[in-house]
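# Compute the structure for the input listed below.
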Amino acid sequence: MRRYNKKTTKRANQGDYESVFRKQEQQWYMVFLTKLNTPVTFWLCFFLILFFYLQKQLAFHFYYIEQEQLFLWSRDYFSSLIMEPAGLTRYLTEYCIQYFMYPYCGALIMSALFTFIGMLTAGIIRRIAPTANLFLLSLLPIILLLYVHFDVNYYYRGTMAYLLMLLIFYGYFFIGHVAVRLIYVTIFGVLLFWWAGAVAFLFVVCVFLWELLNRFSRAYGFILPLLLVIGLAFGAIYTSLVGDYRFLFLPDGYFTYKLRPGMAIYFSWIFLPVLLIVCRFLRNRHYVKDGRKYMEIFLQLLLVVAVFHFGMNKFANRNSDFYKELDYYMRTGQWDRIIERCSGDIRNYLYKCCLNVALAEKGELAEQMFSFDQQGLQSIYVSWNRISHVSVLLTDIYFSMGHIAMAQRMAFEANESLPNANGSRMLKRLVQTNLLYGAYPIAEKYIDLLEQTMYYKEWAREHRRFLWNDEAIANDSLLNVKRACILNTNILSELQGLHVDLEYIARQNPAHQTSIQYAGVVYLLSKELSFFQEFLDNHYGTETLLALPKSFQEAIIILYEQDSSVWEHYAISESVVQRFNEFRRQVSANRNNTAALPGLMKKSFGDTYWYYYMFK
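Just a heads-up that it's a prediction; the model follows:
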């Protein structure tokens, strides 16, 4: 008979409890993994990851493209678009893009659209090849589409059209009867051509391909919707609705018409037929062991990561990311933020122009501009090349200068170069300039449009009070000072040069100090000091230029290096004189080391006009 041992019994009971606990823990772990592998949980996690990625990478891009469209909340606007080819997708896309003005909305909306594209692709895979274990391939069209979303010339309605096509294509796989499928494809092929444009051709080609792969003997009937879509495309060309066949058969129709897209725009279209072929050959696959299944999942994941990593580095256009950020700060008047972001070594002239506008708006252009890297006249205003974003930048520059005529012209040119010939930002500038000129009927026309928008209607209502109300304009801090910049004499803008126009404006409106500062730095950047001397003779001591900013004082020392009495006339500060003496001493001490001299002088005097004059 076994002797009762209290200590042994306790240890045994403890072991039972531990085994039960481990079993429960293991069951919980398996339940958790099962839940994690459900499609809903997977796509929710993917949506959140994509949202954070897009917010980090494309936040300013979303702000940028929002300003290039004007979505109107009116029945007439809907009616006009719905009758156009691809009008439905344009309407839906513009409806979504109008929310991009709000923080996080761009990333939220696009993450949702991309997630739906992935879910529909996964649904198609699951419908036609349920045992093929190809679920992760549904992420590839999202990545391939993402490449082109960094390009400002890509129209987001291409993504909306792709989503609509996938939705209709997904519905096609639920129809069993051949005749019903044929009717379905024919009807929706025509509707897709009307609603979404070129993506209709992709749809009928994919359907015809799938029918060939599965029911070769009966696939000939599906030539009908293919021929019908091709016929509609030829009809659109014949009636001049569209100017080029590539806009009707290729995704080129979702790209700026004046430019040829890169090859990245075609990847998502090529992917779908390839996916159908792969699924066809794996659709009758039998059950595979877990080890092989996990290996296949790993290889798919590796493929997805590789396509994302290498494709984003090669095909995503990231060159304009920094400019989009500066453009947002320009539009919202965050001048300190622009100065902070441009504090390093910047090479692009567009960045320099944004920086100098920020300095001018803070009244520090002639005082601080040489504290930053400047490279000639292009640093304050770039040449106009009829490109929309350059026109947008120039209207901001000219408006800051007080050159209202050129600001209005550039705003008009920028607005006309937009895809829809109406952009919210440029309409606001046209409202301002027409109010300044007293062209109230034209200003009212633009205000009427802006009042039909969601985000800009309050701004439009606030500016309606200025219509036919010169007193209200006179009491407004911005419009009053800008209206005084409009010249009373008729001259052709920039006929004698921008600097001459700015001098005229400065004489007429001395309160607008940015005009005289811009005029002076034009001479300094071009190193035309003899003309700068004439400029000082005309303005110094007058109401236009009572005191000289730092860069003007430094230029005078160069002009009259040997005549300090002139320095006293222009009230050169003692700190400027002391720095020049030190500058001259260091130049003399290192004159034999010409190769290293620019670098040595930059450390102590890189923020002076003397350094710019000697070494740039």
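
# Contacts for stretch 301-315 next, please.
With C-beta atoms under 8 Å, 6 or more residues apart in numbering as the test, stretch 301-315 has contacts from 136-137, 139-140, 143-144, 146-148, 262-264, 267. The way it works is simple: take the backbone N, C-alpha and C, and place the C-beta from them, glycine included.

# Repeat that for stretch 545-562.
In this structure, residues lying in contact with stretch 545-562 by C-beta under 8 Å, 6+ apart are 366-370, 506, 516-517, 520-521, 524, 529, 532-533, 536, 539-540, 566-567, 570-573, 576-577, 580, 608-610, 613.

# can you rerun that using 6 Å?
366-367, 370, 516, 520, 524, 529, 532-533, 539, 566, 570, 572, 576, 580, 608-610 (C-beta atoms under 6 Å, 6 or more residues apart in numbering).

# try stretch 140-150
Contacts of stretch 140-150 (C-beta under 6 Å, 6+ apart): 114, 117-118, 121, 154, 159, 264-265, 267-268, 271, 307-308, 311, 315-318.

# Show only the entries of those found in helices.
Phe114, Ile117, Gly118, Thr121, Thr159, Phe267, Ser268, Phe271, Val307, Phe308, Gly311, Phe315 (DSSP state H).

# if we can go back for a sec, counting neighbours, which of the contacts of stretch 140-150 end up buried?
114, 117-118, 121, 154, 159, 264-265, 267-268, 271, 307-308, 311, 315-317 (16 or more other C-beta atoms under 10 Å).

# ok so, going back, could you dump the ones in helices among the contacts of stretch 140-150 into JSON lines and include pLDDT and distance to Pro85?
What follows is the ones in helices among the contacts of stretch 140-150, written out as JSON lines (pLDDT from 0 to 100; distance: C-beta to C-beta, whole Å):
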{"residue": "Phe114", "pLDDT": "97", "distance to Pro85": "25"}
{"residue": "Ile117", "pLDDT": "96", "distance to Pro85": "22"}
{"residue": "Gly118", "pLDDT": "95", "distance to Pro85": "28"}
{"residue": "Thr121", "pLDDT": "94", "distance to Pro85": "26"}
{"residue": "Thr159", "pLDDT": "96", "distance to Pro85": "18"}
{"residue": "Phe267", "pLDDT": "95", "distance to Pro85": "24"}
{"residue": "Ser268", "pLDDT": "95", "distance to Pro85": "21"}
{"residue": "Phe271", "pLDDT": "95", "distance to Pro85": "25"}
{"residue": "Val307", "pLDDT": "93", "distance to Pro85": "32"}
{"residue": "Phe308", "pLDDT": "94", "distance to Pro85": "33"}
{"residue": "Gly311", "pLDDT": "90", "distance to Pro85": "31"}
{"residue": "Phe315", "pLDDT": "89", "distance to Pro85": "28"}
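
# Would you mind measuring from the closest residue to Gly333 other than its chain neighbours to Ile338?
Of all residues not flanking Gly333 in the chain, Glu361 sits nearest, at 7.4 Å (C-beta to C-beta, 6 or more residues apart in numbering). Taking C-beta to C-beta, to the nearest Å as the measure, Glu361 falls 9 Å from Ile338.

# Looking at the two, which is more packed in?
Higher neighbour count among Glu361 and Ile338: Ile338, with 25 against 16, using other C-beta atoms under 10 Å.

# got the contact list for the more buried one?
Leu326, Tyr329, Cys354, Ala358.

# Leu502 too?
For Leu502, the contact set (C-beta under 6 Å, 6+ apart) comprises Ser515, Tyr518, Ala519.

# contacts for the helix or strand in which the first one is found?
Following DSSP states H and E, the helix or strand that holds Ser515 is helix 513-526. Applying C-beta under 6 Å, 6+ apart, the set of residues contacting helix 513-526 from outside is 360, 365-366, 376-377, 400-402, 499, 502-503, 505-506, 531-532, 535, 544-545, 552, 555.

# quick one, helices of the stretch 101-250 of the chain?
105-128, 140-148, 157-172, 178-196, 199-214, 223-238, 246-249 (DSSP state H, counting those that start in this stretch).
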